[in-house]
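K.L.:
compute the structure for the input listed below.
(chains A and B)
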Amino acid sequence: MIEQLEQVRVEALQEINRADSLKLVEELRVKFLGRKGVLTGLLRSVSQASPEERPALGKAANELKLQLTASLDQKFDDLQAIEKARSGREDFFDVTLPGRRPRLGHLHVISQIAEEIVGIFAELGFQVATGPEIETEYYNFDALNTPPDHPARDLHDTFFVRPGVVLRTHTSPVQMRVMEKMQPPVAVVAPGRVYRVDADATHSPMFFQIEGLLVDEGVGFADLKGTLMHFIHRLFGKDIQMRFRPHFFPFTEPSAELDILWTSDKGGGASQTKWMEILGCGMVHPQVFKHAGYDSEKYTGFAFGLGVDRIAMVRHRISSITYLYESDMRFLEQF
Amino acid sequence: MRISYRWLKELVDFDLSPDDLAHRLTMLGLEIESVERPGLGVSGIRIGKILDIKPHPDADKLVVCQTDVGQRDPLQIVCGAKNMNVGDRVPTAVVGATLPGDFTIGRRKMRGVESQGMMCSARELGLGQDHAGLLILSQDFPIGEDAVPLLGLDDVILEIEVTPNRGDWAGMIGVAREVAAALGTSLHLPDSSLTEADDLASSVASVTIEDPTLCPRYIGRVMKGVTVGPSPLWMVQRLVHAGQRAISSIVDITNYILLETGHPLHAFDLQKLLKNRIIVRTAKHGETIETIDGQSRSLDEKMLVIADAEHPVAVAGVMGGLKSEVGDSTTEILLESAVFQPQSVRRTSRILGLQTEASARFQRGADPEMAAFAMERATKLIQEIAGAQVLRGQLDEFPGMRPPLELTLRYKRTGVLLGAEVPPATQRDILTKLQFDVRERSPESCTAGVPSWRHDVSMEADLIEEIARLHGFDNIPSRLPMVRKTEVVLAPRETEVRELRRLLSGLGLTEMMNLSFGNPSDLEKAGMGENLKGMVMLQNPLSENHAGMRVSLIPGVLAVLASNLRRGVSDIHAFEVGNIYTKTENNELPTQHLRLCLVFTGSRADAHWGVEGAKVDFFDAKGFAEALFVSCGIEASLMSFAASGPLKPRHSAQFSCDDTVLGYVGSVSEEVLGRFDIDQPVYLVDIDLDAMLNLPRSKRHFTALSVYPPSLRDMAVVVDAAVPAEQVLQIARDAGGDLLRQVSVFDVYSGKQVPEGKKSLALGLTFQATDRTLTDKDTQKTWDRILKNLRDTLQAELR
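P.N.:
Residues are numbered from 1 along each chain as shown, chains lettered A, B, ... in the order given. Below you'll find the model as predicted:
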């Protein structure tokens, strides 16, 4: 019996090895393992063997059955693979289908830039301060050396709540509120919403400014230049060209505006390079220190104010300021 | 202010191209808004003389002219203008000439008659807007010469923005003075010498100042034998370049002098001044004046007027009166050159709603010395152009005469303020060039007498600014300061708010930023009318829509939701962080509170091939709020409340922590959605961030991690449909004690499988002890206790 089994093994493995079609493999499966198959027949005859031989025979027969099944399966898979490869119809796993992406949220572009700017100054040691948006005329103008009937008030088209109370036209009143709360050294940045009676493609009645103030002994215009140049380099890159240009603000002296040389896209491949105003700055006016109760002989300082909207528009080539505050999702989701 | 490059060259020596000049002025603080070349591209224009004018044979409105342009034969030109006569000299574009806008002149036939060129109006040459007829030139223009330089068409115009502190820059001389100081070159003031008649002005007219505070100086001059006529072309051309129109000689001269000196003048018809008197006084109660724009103006008792013996004849420094205006028939004039107090002019101008060239200049502060120069210069021109006989003497009242202000400059202070050493000699030199009267007092300091036109200089810091400006900001070094820290923390919440924004956007919400205005109508629409009494209203809103300040973020959020839906964006998961404002009862400033609003509408996830689309619902909104509280370490509890405002009753709930109300979550009611034209469900969370961030936070103390395995069991109970799940969970937690580590709801079912009015809640229970492995018996005992308590309290049935 054992010899017979061995003979079947050799014969079957040879035939399986030679098989060259799936059909043949299945025929071999029937021939050897089928109900009327060779091995099945042999297995039946195991029952006629002597009780002593039976266990060993049964084991050998079963092993052979497993071996042949494995061989047939292997051959089947191999042939199938060859056939598939030949016909070019492998299982197609489409990696180009869109991924199951988590829904992405977007920080408002103003938040992003304001955070970035505040972050740059925070690294230099400035801390954040805030103040009321509905402000007294005193803090918004008078304390900043802009008394009533000062022509500089014409530059600000002011929203009035009632006589003496306005929507702040700039973040500068935070300067005075901070100085009233603490003694030098003062190093603050104050981000926030400001308001002016104005509405067109470059003006929104509400917009976003960041104010900065540094007061200590021995702070000079050179410090203002160094700080703001560092800031501009961080925001626009090391290669940006800038200039400080004399200007007028009632609450600083000397006063300057900072321009950067900026190339804007005019559409259709055309571009225009010109100086663009980015912020206003200057040395804190002695009159402002007087209002704050600081000794302007002992302390000097610089202040600056910048429009976050303008920087957002320049950096991202946003054509109209109105997009910033309309909450059009198609706009918000671009940033 | 529009600066003519050629004109400036007459006033000061410099050797800079227009662009270099523009740069130089910019770096001095005179901001250049534009550099214009009005005659750019204009060529082929000659001075022509009209020899003959004949009617066109076929056209009533055209004439056929013969015009001599210095060639052998005159040109035949067909023309539609009416204002010319034979003998007139006119700018004539010959064949091949180009005009502004790339317009080339060719030979052509007009109604059958050949035209060999074009005679031009001022507008056709880019010289302003006058297109009423041909530009008639004076007889001294040489025939056949190139008109481009003669008409100043090759000039360059620099438009500058004058800052409010530098009124002196609002005139050509002021700008020239600055250029001279910056370049160290000479200034050439125009000639103001004139010939006076023997008769004394003071014997004809008088000037009285009743209010010397409001009028520190008033100068009058009397002229007779004036012939009002057209102005010479050189003056017209400069007026036109400055953006003005020529009217008639006297008016043009006062306008021209305003451009030249920056000082406003006014000419009265002397014969219309009662008793030839000028009285500078405040208006009397109930007085009115008809100004030259034909409007009747009511004056109040604080307004300064120029009056004759009886009535106001001008609003001082703002506008003249119609009655005493100089007209074509005027032969005698009283010319005014005065200085008025800026605040007073500003007030009058604002109350009358009348902003004029004159009022703008007086508001910035006029120069009493320039007032005298402007008077002489204007008088000279009137004498030259209008042939006036000038009576002897100025009627000069100068009660406000003051010695120049003397300031001390400490050289060291300059070094401190600029952070840069500027040698004392340089400091003095700069001030001297700017015409300060500098005298050295000691090795450490000098004094500087302030020029009469520098109202902006009143303290040492002002002198230092001048030094910095002329020294050049570029020449000041830059350095990064040492920033000293303090213990004061000014805005402790800012970081948290920023983190919160980051968290929400990280969780998939998009940040909106809406205008912080509000209006009563949107508030009503949102069902929040009761908040109206707290709304801060604006006295001068831009529109009804922005009538006041928002009292809630919700109306604004719903409004932008609606506009997004109209644009086809229908899946929105967004938030806004921003202040709301509330009126206070007393006289204090309105309060400002930071709020957070989350809004959800449309699909839960972006459309995707492998995800079944589902719409957001109440539990998305609630879940975000819960995540927010957990992340901030706040244990918020939720209870249903009688919804008011925008939310739907029974589909909304209130979050609180102890006694602090944190905010609300809910579905927006159909009525509110309807009023905003929103046709899909919207879910909101509205949180009082100030209140939330004020709360004590969880200390997040560590709990020991169990090393023993958890045992997981489920329990499905059937309870009344109206029993809140939270109650079931609470009973389970209480009954489960320490061994129940966690309980969750993993299924809610109501339908055929459970009786009517009931629901089944499937609870997932996790049992675990920290000190041992729980036996089945332990777990079962706890499980049984939970079930028993649910049975006892809620008549729950095991399903």
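
K.L.:
just the helices from the stretch 451-600 of chain B, written as ranges.
P.N.:
Along the stretch 451-600 of chain B, the stretches classed as helices by DSSP state H, counting those that start in this stretch are B:460-471, B:494-506, B:520-525, B:554-566.

K.L.:
what's the neighbour count on B:Leu134?
P.N.:
A total of 26 residues lie near B:Leu134 under the criterion other CB atoms under 10 Å in any protein chain shown. For glycine as for every other residue, the C-beta is placed from the backbone atoms N, C-alpha and C.

K.L.:
wait, it touches B:Glu124, no?
P.N.:
No. B:Leu134 lies out of contact with B:Glu124 (CB atoms under 8 Å); the separation is 9.2 Å.

K.L.:
ok now do A:Phe244, which residues does it touch?
P.N.:
A:Lys225, A:Leu228, A:Ala256, A:Glu257, A:Leu258, A:Cys281, B:Phe473, B:Asp474 (CB atoms under 8 Å, 6 or more residues apart in numbering or on different chains).

K.L.:
let's have those residues in JSON lines, adding secondary structure and distance to B:Gly171.
P.N.:
Formatted as JSON lines, the entries for the contacts of A:Phe244 read as follows, by DSSP: H, G, I helix; E, B strand; the rest coil; distance: CB to CB, whole Å:
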{"residue": "A:Lys225", "secondary structure": "helix", "distance to B:Gly171": "32"}
{"residue": "A:Leu228", "secondary structure": "helix", "distance to B:Gly171": "33"}
{"residue": "A:Ala256", "secondary structure": "strand", "distance to B:Gly171": "25"}
{"residue": "A:Glu257", "secondary structure": "strand", "distance to B:Gly171": "23"}
{"residue": "A:Leu258", "secondary structure": "strand", "distance to B:Gly171": "29"}
{"residue": "A:Cys281", "secondary structure": "strand", "distance to B:Gly171": "29"}
{"residue": "B:Phe473", "secondary structure": "helix", "distance to B:Gly171": "25"}
{"residue": "B:Asp474", "secondary structure": "helix", "distance to B:Gly171": "28"}
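
K.L.:
please check these and keep the buried ones.
P.N.:
Among those, those classed as buried by neighbour count (16 or more other CB atoms under 10 Å in any protein chain shown) are A:Lys225, A:Leu228, A:Ala256, A:Glu257, A:Leu258, A:Cys281, B:Phe473.

K.L.:
farthest-separated two in these?
P.N.:
Largest separation among the buried ones among the contacts of A:Phe244 by CB to CB: A:Lys225 and A:Glu257, giving 12.9 Å.

K.L.:
which other helices and strands contact the helix or strand bottoming out on mean pLDDT in chain B?
P.N.:
Of all helical and strand segments in chain B, the minimum by mean pLDDT, DSSP states H and E falls on strand B:637-640, at a mean of 80. Judged by 3 or more CB pairs under 8 Å, 6 or more residues apart in numbering or on different chains; DSSP states H and E, strand B:637-640 is in contact with strand B:647-657.

K.L.:
so the helix or strand containing B:Val661 versus helix B:554-566, what angle?
P.N.:
Remark: B:Val661 resides in strand B:660-668, with elements defined by DSSP states H and E. Counting by axes from the mean of the first three to the mean of the last three CA atoms, to 10 degrees, strand B:660-668 points 30 degrees away from the direction of helix B:554-566.

K.L.:
who touches strand B:660-668?
P.N.:
Strand B:660-668 is contacted from outside by B:558, B:596, B:618, B:621-622, B:625, B:629, B:634, B:636, B:638, B:641, B:643, B:646-648, B:651-656, B:678, B:681-688, B:691-692, B:694-695, using CB under 8 Å, 6+ apart.

K.L.:
swap in stretch A:132-143?
P.N.:
A:131, A:147-148, A:150, A:153, A:158, A:161, A:164-170, A:172-173, A:176-177, A:192-195, A:288, A:291-292, B:516, B:536, B:549, B:579, B:581, B:589-590, B:592.

K.L.:
what's the pLDDT at residue 331?
P.N.:
As the question left the chain open, I've gone with chain A. On pLDDT, A:Phe331 comes in at 96.

K.L.:
meant chain B actually
P.N.:
93.

K.L.:
tell me where the stretch 501-650 of chain B has strands.
P.N.:
Taking DSSP state E, counting those that start in this stretch as the test, the strands found in the stretch 501-650 of chain B are B:510-511, B:517-518, B:548-549, B:572-582, B:591-601, B:637-640, B:647-657.

K.L.:
ok so, going back, the contacts of A:Phe244: which two are farthest apart?
P.N.:
The widest separation within those, taken as CB to CB, falls between A:Cys281 and B:Asp474 and amounts to 15.1 Å.

K.L.:
so what's residue 179 closest to, chain neighbours aside?
P.N.:
Let's take chain A. Nearest residue to A:Met179, sequence neighbours excluded (CB to CB, 6 or more residues apart in numbering or on different chains): A:Ala292, at 3.7 Å.

K.L.:
wait, chain B
P.N.:
Leaving out its chain neighbours, the residue that sits closest to B:Val179 by CB to CB, 6+ apart is B:Val12, at 4.9 Å.

K.L.:
in the sheet, who's paired with the one you found?
P.N.:
On the basis of DSSP bridges, B:Val12 takes part in beta bridges with B:Leu187.

K.L.:
the residue in the stretch 401-550 of chain B positioned nearest to chain A: neighbouring residues, count only.
P.N.:
Checking the stretch 401-550 of chain B residue by residue against chain A with CB to the nearest CB singles out B:Gly419 as nearest, at 2.4 Å. For B:Gly419, the count of nearby residues is 23 (other CB under 10 Å).

K.L.:
and what of B:Ala22?
P.N.:
22.

K.L.:
wait, what's in contact with it?
P.N.:
B:Ile32, B:Val35, B:Leu158.

K.L.:
from those residues, which ones fall inside strands?
P.N.:
Using DSSP state E, the members of the contacts of B:Ala22 that fall within strands are B:Ile32, B:Val35, B:Leu158.

K.L.:
just the buried ones from those residues?
P.N.:
In terms of neighbour count (16+ other CB under 10 Å), the buried residues within the ones in strands among the contacts of B:Ala22 are B:Ile32, B:Leu158.

K.L.:
just the ones in strands among the contacts of B:Ala22 now: which is nearest chain A?
P.N.:
After measuring those against chain A - CB to the nearest CB - the closest member comes out as B:Ile32, at 10.0 Å.

K.L.:
what residues are bridge-paired with that closest one?
P.N.:
Residues found in beta-bridge contact with B:Ile32 (criterion: DSSP bridges) are B:Ile160.

K.L.:
which residues touch it?
P.N.:
If a contact means CB under 8 Å, 6+ apart, then B:Ile32 has B:Ala22, B:Leu25, B:Thr26, B:Leu158, B:Glu159, B:Ile160, B:Glu161 as its contacts.

K.L.:
Produce a ChimeraX select command limited to the buried residues of these.
P.N.:
Entered in ChimeraX, the line below selects the buried ones among the contacts of B:Ile32, by 16+ other CB under 10 Å:
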select /B:22,25,26,158,160
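
K.L.:
before we move on, the earlier item: dump the ones in strands among the contacts of B:Ala22 to TSV, plus pLDDT.
P.N.:
Written out in TSV, the entries for these read as follows (pLDDT from 0 to 100):
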residue	pLDDT
B:Ile32	90
B:Val35	90
B:Leu158	93
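
K.L.:
next SSE downstream of the one helix or strand A:Leu24 maps to?
P.N.:
Counting by DSSP H and E, the element that carries A:Leu24 is helix A:22-33. Following helix A:22-33 in sequence order, the next helix or strand is helix A:38-46 (DSSP H and E).

K.L.:
show me where pLDDT drops low in the chain?
P.N.:
No chain specified, so I'll use chain A. A:88-90, A:151-152, A:154-156 (pLDDT under 70).

K.L.:
please refer instead to chain B.
P.N.:
The model of chain B has pLDDT under 70 over residues B:128-130, B:642-643.

K.L.:
nothing else from me, thank you.
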